[in-house]
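Trainee: kindly return the folded structure for what I paste below:
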Amino acid sequence: MTTTESFVPTTTAALPIAPDPLLAVGSLVRSARQHRGLTQAQLAERLGTSQSAVHRIEQGAQNVSLEMLTRIGGALDSPIVTLGGPQRTHLRVHGGHPLSGRIDVNTSKNGAVALLCASLLNRGTTRLRGVARIVEVDRIVTVLRSIGVRAVWSPDGRDLEIQVPDGLDLDSIDADAARRTRSIIMFLGPLLGRRDEFRLPYAGGCDLGTRTVEPHMVGLRPFGLSITATAGEYQAVVDAPSTHDLSVVLTERGDTVTENVIMAAARRDGVTTIRNASPNYMVQDLCFYLELLGVRIDGIGTTTLRVHGRSVIDADVEYAVSEDPVEAMSLLTAGIVTHSEITVGRVPIEFMEIELATLAEMGQRVTLSAEYAARNGRTRLVDITVHPSELHAIEKIHAMPFPGLNIDNLPFFAAIAACAQGTTLIHDWVYDGRAIHLTDLTRLGADVRLLDAHRLQVSGPAHWSGAEISCPPALRPAVVILLAMLASKGTAVLRDVDIIARGYEQLQERLVELGAQIETFRD
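Mentor: Next comes the predicted model:
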C-alpha cells in the first residue's frame with residue numbers, strides 16, 4: 001500500500017499545516033499504522049514519544065515537522081510525506097467479504113456546522129463537545145478564525161472552544177475556504193444582528209446541480225435583509241426590522257433555511273413565529289444549543305416554532321453535538337449490502353424510523369436495543385443490529401422532509417434495492433442530477449437505469465463484481481459506490497475520493513475495523 005502526502009515547505013522547522021492537510025496526514029498515519037498491525041503505543045515506542053502524541057497526530061490535532069513525518073514513515077516503512085506537486089487519493093477495495101463487529105455513529109456534520117455558525121450569536125464562550133473532524137467543519141472553522149473568532153481545539157481534537165470578539169473583521173474573510181462550502185450561507189442569520197452592511201463570498205459545496213438561495217432570501221427578508229449578487233459575492237444590506245412580533249412563512253421546508261431564520265430570530269427582541277419550519281435533526285441541535293444561551297423556543301420538533309429572541313446573548317455554555325442519522329444509514333447499508341451481521345451503535349432513532357420501516361417492508365431483519373439518551377441529554381439513541389436477509393423489491397422509494405425518509409439517506413436505498421429481488425423505482429426529486437451519479441453502480445454489476453434526471457429504476461439482485469470508478473462529485477453517491485464495492489467480488493478501485501472526507505470522519509479506516517479490506521493509495 002502506498003500512503004504518501006505532498007507538501008512544498010518553505011522551512012525545515014515545524015510545518016504549520018492547514019486544517020485539511022492535518023486531517024489528511026493523520027488519516028495516512030493511522031492507515032499505515034493499522035496496515036502494519038501496530039497499536040498507537042507500539043508506534044509511539046518506535047518514535048520515542050508518547051501514545052497521546054500519536055493519538056493527537058492521527059486526529060489531526062497537532063502540527064508536525066517534516067522531521068517527525070520522516071521518522072513516522074521510517075517506523076512504518078511507508079513514506080508519509082514526499083516533496084513535489086499534489087497527489088490524488090484513491091481507495092483499493094478487496095470486496096465480497098462479510099463484515100462483523102460493532103461500530104458507533106459519529107456526531108453530525110450538519111449539526112456541527114449549524115452550531116459553529118450559531119456561535120457567532122454568543123458574546124460568551126461556547127464549548128462544543130464531540131465535534132466531527134471533517135473537511136466541511138474545518139473549512140467553517142478556518143472562515144471563523146479569518147474574521148477574528150478564537151477557535152481552539154482540545155488536546156484530543158474532539159472538543160472546540162469558541163470566543164467571538166465584539167467586532168468581526170469581515171474584510172479579512174478567507175474567501176477561498178468560504179467559497180468551498182455552501183454552509184457559509186448560514187452566516188447570514190447570525191450577522192443580521194451585528195452589521196448593517198456586509199459581504200459574503202458565494203456559497204459552493206458539492207456538485208448537486210443548481211441549488212437556489214432564494215428560499216433564504218424569502219425567509220430573512222422580514223428581518224430587513226436585502227441581497228444583491230455581484231461578482232463572486234453577496235452584498236447584504238440590513239434595514240431596521242419591525243419591532244413588532246414577526247410571523248415568517250417559509251416557502252421551502254429546508255434545513256439550512258430554517259436554521260438561518262432561527263438564528264436571525266434569536267438575536268431579535270420579540271417573538272418570531274416560523275411556519276413550515278424543518279424539524280430535522282440539525283435544526284433540533286441548533287434549538288437545544290440556543291436554549292442553553294437563554295433563547296426560549298416553543299415547538300421544537302414540529303413545523304411551527306416560536307422563538308423568543310434576545311438582543312444580547314452572553315453565556316458560557318457547553319453543548320454536545322448529537323449523532324448523525326445519515327452516517328447511521330451509511331453504516332447500516334454497509335452491513336446490508338455485504339450480507340453481514342453488524343451492530344451500529346448510537347443511532348438517533350427519531351430520525352431513522354421511516355428508513356427502518358422501509359427496510360422492514362423489503363424484508364430486512366434488524367434488532368433494536370432499548371433507548372438511551374445522547375450526551376446532549378435530549379436526543380434518543382438505540383443500537384441497531386442488521387442480520388443477513390433475503391430482500392425483495394418494493395414499488396417506490398422517495399424522500400420527504402422530516403419526518404419522512406431523509407433526503408440524504410435516499411441514495412443508499414439504490415444499493416440496497418440492487419440487492420433485492422425485483423424492481424424498485426428510486427425518486428430523487430430534490431436534487432437535479434444527483435440520480436445520474438448512482439448509475440455508476442452498473443459498472444459494479446447492478447441493473448440501474450436512469451429514467452430522467454430524478455428517477456432510477458433498480459432491478460436485482462445484483463451480481464456484484466469489482467471495477468475501477470472515478471468518484472462522483474456528490475458526497476452521498478460517492479459513499480454508496482464505496483459501500484457497493486465492499487459487496488463486489490474481486491478488487492475495485494475508487495479514484496479521487498477526497499469528497500468523502502467532506503462529510504465523513506475516517507470512514508474507510510472505521511470500515512476496516514469491521515473487517516473491510518480497503519487500502520488508501522496515491523499517485
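Trainee: CA atoms only: put the host helix or strand of Ala417 into CSV for me.
Mentor: For Ala417, the element it lies in under DSSP states H and E is helix 412-418. Backbone C-alpha positions of helix 412-418 (Å, rounded to 0.1, in the frame of the first residue of the first chain) are rendered in CSV as follows:
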residue,chain,number,x,y,z
PHE,A,412,-28.3,4.3,0.0
PHE,A,413,-31.5,2.7,-1.0
ALA,A,414,-30.2,2.4,-4.6
ALA,A,415,-27.5,0.0,-3.4
ILE,A,416,-30.0,-1.8,-1.1
ALA,A,417,-32.6,-2.1,-3.8
ALA,A,418,-29.9,-3.6,-6.1
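Trainee: remind me what that helix packs against, helices and strands.
Mentor: Secondary-structure packing of helix 412-418 (3 or more C-beta pairs under 8 Å, 6 or more residues apart in numbering; DSSP states H and E): helix 325-337, strand 422-427, strand 447-452, strand 455-460, helix 475-487. In short, each C-beta sits where N, CA and C put it, glycine included.
Trainee: got TSV for the ones you listed, with distance to Tyr372, mean neighbour count and mean pLDDT too?
Mentor: Below are the helices and strands packed on helix 412-418 laid out as TSV (distance: least, C-beta to C-beta, whole Å; neighbours: other C-beta atoms under 10 Å; pLDDT from 0 to 100):
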stretch	distance to Tyr372	mean neighbour count	mean pLDDT
helix 325-337	15	27	98
strand 422-427	33	18	98
strand 447-452	38	14	96
strand 455-460	35	20	97
helix 475-487	27	28	97
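Trainee: could you dump those into TSV with distance to Glu161 added?
Mentor: As requested, these are exported to TSV (distance: least, C-beta to C-beta, whole Å):
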stretch	distance to Glu161
helix 325-337	24
strand 422-427	43
strand 447-452	46
strand 455-460	45
helix 475-487	28
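Trainee: quick one, which of the ones you listed gets closest to Ala61.
Mentor: helix 325-337 (20.6 Å; C-beta to C-beta).
Trainee: closest to Ile416 out of the helices and strands packed on helix 412-418?
Mentor: Once the helices and strands packed on helix 412-418 are compared by C-beta to C-beta, helix 325-337 is nearest, at 5.6 Å.
Trainee: ok, then the element right after that closest one?
Mentor: strand 341-348.
Trainee: how many neighbours does Thr442 have?
Mentor: The number of residues packed near Thr442 is 15, by other C-beta atoms under 10 Å.
Trainee: would you mind measuring from it to Ile147?
Mentor: 46 Å (C-beta to C-beta, to the nearest Å).
Trainee: ok, Leu444 next?
Mentor: Relative to Ile147, and taking C-beta to C-beta, Leu444 is found at 44 Å.
Trainee: looking at these two, which one has more neighbours?
Mentor: The neighbour comparison of Leu444 against Ile147 (other C-beta under 10 Å) goes to Leu444, with 24 against 20.
Trainee: can I assume that one is in contact with Trp464?
Mentor: Yes - contact criterion C-beta atoms under 8 Å: Leu444 and Trp464 qualify, at 5.5 Å.
Trainee: so which bits of the one helix or strand Leu381 maps to are buried?
Mentor: Leu381 is located in strand 380-387, with elements delineated by DSSP H and E. By 16 or more other C-beta atoms under 10 Å, the buried positions in strand 380-387 come out as Leu381, Val382, Asp383, Ile384, Thr385, Val386.
Trainee: out of the residues you listed, which is nearest to Ala44?
Mentor: Asp383 (31.9 Å).
Trainee: got the contact list for the closest one?
Mentor: Arg102, Thr343, Val344, Gly345, Arg346, Val347, Leu368, Ser369 (C-beta atoms under 8 Å, 6 or more residues apart in numbering).
Trainee: would JSON lines of these with pLDDT, distance to Val430 and neighbour count be doable?
Mentor: As requested, those are arranged in JSON lines below (pLDDT from 0 to 100; distance: C-beta to C-beta, whole Å; neighbours: other C-beta atoms under 10 Å):
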{"residue": "Arg102", "pLDDT": "98", "distance to Val430": "32", "neighbour count": "12"}
{"residue": "Thr343", "pLDDT": "98", "distance to Val430": "31", "neighbour count": "19"}
{"residue": "Val344", "pLDDT": "98", "distance to Val430": "25", "neighbour count": "26"}
{"residue": "Gly345", "pLDDT": "98", "distance to Val430": "29", "neighbour count": "17"}
{"residue": "Arg346", "pLDDT": "98", "distance to Val430": "27", "neighbour count": "22"}
{"residue": "Val347", "pLDDT": "98", "distance to Val430": "23", "neighbour count": "28"}
{"residue": "Leu368", "pLDDT": "98", "distance to Val430": "28", "neighbour count": "13"}
{"residue": "Ser369", "pLDDT": "98", "distance to Val430": "32", "neighbour count": "14"}
